[in-house]
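Chemist: sequence and predicted model, in that order:
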4 protein chains.
Amino acid sequence: MTTYAYLGPEGTFTQMALDAWAPARGAEHRPCGSVDQALTLLRAGEVDGAMVPIENSVEGGVSATLDALASGDPLVVVAEVLVPITFVLAARPGMPLGQVRAVGTHSHAWAQVRGWMESNLPDAVYVPTLSTAAAAEGLAAQGGSPAYDAAVCAPVAASNHGLEILAEGIGDNAAAVTRFVLVARPGDLPERTGADKTTLVLFQRDDHAGGLLELLEQFSVRGINMSRLESRPTKESMGSYCFSIDIEGHVLDERVGEALLGLKRVCADVRFLGSYPAAHGTAVQVSPVTTDAAFADARAWLRDLRTLT
Amino acid sequence: MTTYAYLGPEGTFTQMALDAWAPARGAEHRPCGSVDQALTLLRAGEVDGAMVPIENSVEGGVSATLDALASGDPLVVVAEVLVPITFVLAARPGMPLGQVRAVGTHSHAWAQVRGWMESNLPDAVYVPTLSTAAAAEGLAAQGGSPAYDAAVCAPVAASNHGLEILAEGIGDNAAAVTRFVLVARPGDLPERTGADKTTLVLFQRDDHAGGLLELLEQFSVRGINMSRLESRPTKESMGSYCFSIDIEGHVLDERVGEALLGLKRVCADVRFLGSYPAAHGTAVQVSPVTTDAAFADARAWLRDLRTLT
Amino acid sequence: MTTYAYLGPEGTFTQMALDAWAPARGAEHRPCGSVDQALTLLRAGEVDGAMVPIENSVEGGVSATLDALASGDPLVVVAEVLVPITFVLAARPGMPLGQVRAVGTHSHAWAQVRGWMESNLPDAVYVPTLSTAAAAEGLAAQGGSPAYDAAVCAPVAASNHGLEILAEGIGDNAAAVTRFVLVARPGDLPERTGADKTTLVLFQRDDHAGGLLELLEQFSVRGINMSRLESRPTKESMGSYCFSIDIEGHVLDERVGEALLGLKRVCADVRFLGSYPAAHGTAVQVSPVTTDAAFADARAWLRDLRTLT
Amino acid sequence: MTTYAYLGPEGTFTQMALDAWAPARGAEHRPCGSVDQALTLLRAGEVDGAMVPIENSVEGGVSATLDALASGDPLVVVAEVLVPITFVLAARPGMPLGQVRAVGTHSHAWAQVRGWMESNLPDAVYVPTLSTAAAAEGLAAQGGSPAYDAAVCAPVAASNHGLEILAEGIGDNAAAVTRFVLVARPGDLPERTGADKTTLVLFQRDDHAGGLLELLEQFSVRGINMSRLESRPTKESMGSYCFSIDIEGHVLDERVGEALLGLKRVCADVRFLGSYPAAHGTAVQVSPVTTDAAFADARAWLRDLRTLT
């Protein structure tokens, strides 16, 4: 049976992402305690895919995921899922809002509800937990003296654990969204849809001035748009970075292929992390001079030049 | 009396950074529970400066600091301090390593000791705490049934709280360094030393293709090197970013001034976060064509052209 | 009395350009045998200006003018005039077209009527003359055995010398235009009109790869369009070039001034050949981010940054 | 028998170039009255190649050649020859220098001896001729009243026609060199030597700002140096140009091929004018990231990515 790992426990936003991904219906869903654990199971062949968070519209990139994908045995992204992030404040039945002294949740969630907390529970102490779902689970499981009185979590986590909702929609940014990716071992490439993304990690040959500019020119000269750029430390020394990048287009697109050739030549290393349909589904705008047809025409012309006679 | 806030409690690496910064000697040091709290005190005028972490050579940028500096009332960096990061595993006296079942520490520290933990305590459960020092403090303060058996923290935090060292140097990367910045309200600019950095946050006018390339060209055309680039979400929508950037040079350098003029014109907003001596102390290499003298010569020539007769 | 030199003799297209330039009305017009001679008189102070051809829409740049302006005592362009080029074939009265065996004209004119000649006088021999007007003059002046039977010249030259028109509009390109410039000694700059051009000669510091690209970036980064680029040999060695360039805008425009500062720094030499109203009169399209107002705003902002307190 | 056309008559520098080109030895050499005529014979199949001047180190590009190659049936350059240019002043035997009142020569030659003339024959009148050799020929052929008293020509032209040398080495620039190209109908490509050049004519899709910059980036992003750039009018309207360009490398080089593909896509038209050994014989410096091997490695890597499984 097909099995997918995800960043658990049950009731996390990651589970919601996996539930929302059609191909996972009917498959086994296995919660993991960390992104690393999920990807370790995947690399070991114990699961067939792993759903992990990669970026939040408010908090930014998820370092654990970015770094785990950038090293170790190759993995590729085969799909992405966007999940709107809605936080509730949940407590054991009977706990009034006015008596909440300590609040448990994941640090990223805490960062997204700080405004609400300052306005409504200015004196509440923050207690970090491993995930938002773990905060809910911990509250339900605890005995007479819990470490916190309420949890910030997804609505589903609150209901899973029989908690009462003290407040809904407490995120400071109503439009907050998290982007999740379904990661797999390298295999068949997802088909081209015309609305694709390609994810790469670029390691510069040396950290010379203008180095990033040179890499970005490999895209611009082929008319390729970049939709995400994160710099991550290579962990070798302060100031040494690699770049995690999403571009518009599929590795099978001619313009993307040529850009990859260019990057492969000028970078110390290029890690290909997959081509997959963009969740937004909007077709990539391609200039007439960078379509596959334009490349094919140019290639035919060059072939003739090279075989004059 | 001069007072400096820092990300506490006592025993954090941030305190070590503040202790290492000469001008803070003899001043009052006030620990804060979060970067936000430290900067709020600073903005309110209750402290004269705040030492906060901005980047770790292994874990990358510190989002809370980057975001807090990028919005709200203006603050500027006036100094930077590099602190080598050394982790110990500490426990209450008498606890043997073999009996450690749960380990408490800050999530960033946990990320940096995962390798050691997998080799030495593969079954240990991770318990998140607000800081590494809080992990040590919590262990010392707890009663008969602590939530964790050992803390990952700085050596000084262990000794502050009378804990015993079970293992030293447990960081996966022996060369790990964290960069801290001393933040102040806008006032006198630090003097030029020839080995300066300038920190900026750039907000693009729109997210058009090639937008970042255009910004970076403002530096390259004036021969300015970039030593750090972080993209951060503007929190408005998925895929909308601002860029937190360190460049080599001081705002009083002609080439930096002209680059800032260019950025101010083409960006929706440019936030100046200070010019200050680089901790490494190595003089910036300036091409003969971008020295202040080269600018002065060119300006004199242009002035003549414009007043021909 | 004000005196203007021009590339003569009477009846040249250059004289037509000078006649078309309003400020020259009522002034003395002095024909010269060559561009060099006209500019020598100007440099010597014997005339107040000189009208010379700089570019033809069919034949390209006029080397003699480009080179004479690029070296020697400084001169500046203060106006430009466009003259449509219309050629006639003229002969002494009584000469039928069918008996024309040899045709005299300037080599540039000959190049522009080759198509007509091949169709109508395929066997005619070409006899070079110093100018189109000289061809007409020579025909009129000659005795019994002229070196050629017909001249290619401007209609006015034919009528000046009492020649008969054998054919009109014989240029291969009906839209042919020559651009003339009125050159003066450096003095008051022409006022800004919003539809200005600036002419420059750029000498590279060394002929390294990508050198021209770097120069062009000085324009593009300030949103400046280039309307003409000619490479000319520096005469030092094969492969060593300077660049004669027209850009849109006036040296008093902030964006042009800053580009000139940049070029002055990175080039071995920059020769300023004037800012003057474009003959086409169409206002330069300036992006909102490169207007003088945008520069002024940015400068005020930078001034504040540099004097924080 | 193999026949080569050249810009004649006998005694021109072009003949010297053809004589210097080893493959032409033993072949028939046919003088032509103009570059156009030579290329017309070549296009018609009446000759097997044509030697024509393309660039002089003092006077710049030869417009007639550049334009004739840029339009009409395709031709390609298969070799280049550099000829040092040495001018003599020659006259009929018995004519003393002091009695020279008029000097005949081609206008390009006249431009290169103006300095000598101003110093030595300041009052001499210039009489244009079709070529330097024609000036010598005309002097020898004339009857009692020649149009000029002395000719500026190559030493060989003077001796061919029995003229006396009045002065040697009268060129203003002792290092003057003219570059000639041997043009042929498209056929077998010259083999790669590692010291090759490729000549192109680029027609922009539209004359938008930054257009030339975009074309040059197609070279720079593949590490290709440009050794010559001439803008030429397209003859359609004032301000509409095409670019005649020489780059280092052979069309069979991977980096050159990819740059050509890029240009073909973004230009309205690209005219390939041949790849051939550079006369200087110095091997092209190729960065390790743009060698054929680097391209082959990158291609193998991309092929694997595209066929994951």
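Modeler: Nice, I can see it. Everything quoted here is computed from the prediction, not taken from an experiment.

Chemist: gap between the closest residue to A:P31 other than its chain neighbours and chain B?
Modeler: Using Cβ to Cβ, 6 or more residues apart in numbering or on different chains and skipping residues adjacent in sequence, the residue nearest A:P31 is A:G8, 2.4 Å away. Glycine gets a C-beta too; all of them are placed from N, C-alpha and C. From A:G8 over to chain B the distance is 14 Å, taken as Cβ to the nearest Cβ, to the nearest Å.

Chemist: count of neighbours near A:G8?
Modeler: Other residues lying near A:G8 total 23 when counted by other Cβ atoms under 10 Å in any protein chain shown.

Chemist: any part of stretch A:258-270 near chain B?
Modeler: No: figure legend: stretch A:258-270 not in contact with chain B (Cβ under 8 Å from any Cβ of the partner chain); closest approach 13.1 Å.

Chemist: what mean pLDDT does the helix or strand hosting A:D297 have?
Modeler: For A:D297, the element it lies in under DSSP states H and E is helix A:292-306. The predicted model gives helix A:292-306 an average pLDDT of 96.

Chemist: and that helix, how far out from the chain middle?
Modeler: 38 Å (Cα atoms, centre = their mean, to the nearest Å).

Chemist: same check, this time on stretch A:124-133
Modeler: Stretch A:124-133 has its C-alpha centroid displaced from the chain centroid by 21 Å (Cα atoms, centre = their mean).

Chemist: got the domain boundaries for chain A?
Modeler: Following automatic domain parsing, one gets these domains for chain A: A:1-85+A:172-187, A:88-168, A:189-309.

Chemist: dump those to a markdown table, plus distance to D:G26.
Modeler: Below are the domains of chain A laid out as a markdown table (distance: least, Cβ to Cβ, whole Å):
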| stretch | distance to D:G26 |
| --- | --- |
| domain A:1-85+A:172-187 | 63 |
| domain A:88-168 | 83 |
| domain A:189-309 | 24 |
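
Chemist: any residue of stretch A:127-135 touching chain B?
Modeler: Yes: using Cβ under 8 Å from any Cβ, stretch A:127-135 comes into contact with chain B via A:128-130.

Chemist: looking at these, which is nearest B:D67?
Modeler: The closest of those to B:D67 turns out to be A:P128 (Cβ to Cβ; 18.2 Å).

Chemist: which residues sit in contact with that closest one?
Modeler: Residues in contact with A:P128, defined by Cβ atoms under 8 Å, 6 or more residues apart in numbering or on different chains, are A:104-107, A:110, B:107, B:128-130.

Chemist: ok, A:S227 next?
Modeler: Contact analysis of A:S227 by Cβ under 8 Å, 6+ apart lists A:197, A:246-248, B:239.

Chemist: just the pLDDT for A:R265.
Modeler: Model confidence at A:R265, given as pLDDT, is 96.

Chemist: ok, A:K235 next?
Modeler: Looking at A:K235, its pLDDT is 83.

Chemist: please report how far the closest residue to it other than its chain neighbours lies from A:I54.
Modeler: Take A:K235 and drop its neighbours on the chain: the residue closest to it by Cβ to Cβ, 6+ apart is B:V58, 4.9 Å away. Distance, B:V58 to A:I54, by Cβ to Cβ, to the nearest Å: 19 Å.

Chemist: on that earlier part again, now distance to C:D48 and secondary structure too, for the contacts of A:S227, in CSV please.
Modeler: Below are those laid out as CSV (distance: Cβ to Cβ, whole Å; DSSP: H, G, I helix; E, B strand; the rest coil):
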residue, distance to C:D48, secondary structure
A:K197, 66, strand
A:D246, 64, strand
A:I247, 60, strand
A:E248, 60, strand
B:G239, 62, coil
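
Chemist: least confident pick among these?
Modeler: In this model, the minimum pLDDT among the contacts of A:S227 belongs to B:G239 (82).

Chemist: I'd assumed A:R228 was in contact with it.
Modeler: Yes: contact criterion Cβ atoms under 8 Å: B:G239 and A:R228 qualify, at 7.0 Å.

Chemist: who's more crowded, those two?
Modeler: Set B:G239 next to A:R228 and count neighbours by other Cβ under 10 Å: A:R228 wins out with 19 against 16.

Chemist: so which strand or helix has that one?
Modeler: Here A:R228 is assigned to strand A:226-233, by DSSP H and E.

Chemist: strand partners of that strand, parallel vs antiparallel please.
Modeler: Here strand A:226-233 has these sheet partners by DSSP bridges: strand A:241-248 (antiparallel).

Chemist: dump the partner strand to PDB, restricted to CA.
Modeler: This file holds the C-alpha atoms of strand A:241-248, laid out as PDB (Å, rounded to 0.1, in the frame of the first residue of the first chain):
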ATOM      1  CA  TYR A 241      25.600  30.900   1.200                       C
ATOM      2  CA  CYS A 242      23.700  28.700  -1.200                       C
ATOM      3  CA  PHE A 243      20.500  29.800  -2.900                       C
ATOM      4  CA  SER A 244      17.300  27.900  -2.900                       C
ATOM      5  CA  ILE A 245      15.300  29.100  -5.900                       C
ATOM      6  CA  ASP A 246      11.900  28.400  -7.600                       C
ATOM      7  CA  ILE A 247      11.600  29.400 -11.200                       C
ATOM      8  CA  GLU A 248       8.600  29.300 -13.500                       C
END
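
Chemist: tell me the first helix or strand C-terminal of that strand.
Modeler: Next element after strand A:241-248 (DSSP H and E): helix A:254-266.

Chemist: near chain D, anything from that following helix?
Modeler: Yes: Helix A:254-266 is in contact with chain D by Cβ under 8 Å from any Cβ, via A:257-258, A:260-262, A:264-266.

Chemist: do stretch A:281-299 as well
Modeler: Yes: in terms of Cβ under 8 Å from any Cβ, part of stretch A:281-299 sits within range of chain D, namely A:289-290, A:294-295, A:297-299.

Chemist: make TSV out of those and add distance to B:Q285 and neighbour count.
Modeler: Shown next, in TSV, are these (distance: Cβ to Cβ, whole Å; neighbours: other Cβ atoms under 10 Å in any protein chain shown):
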residue	distance to B:Q285	neighbour count
A:V289	39	17
A:T290	37	23
A:A294	42	20
A:F295	41	21
A:D297	46	14
A:A298	41	22
A:R299	43	16
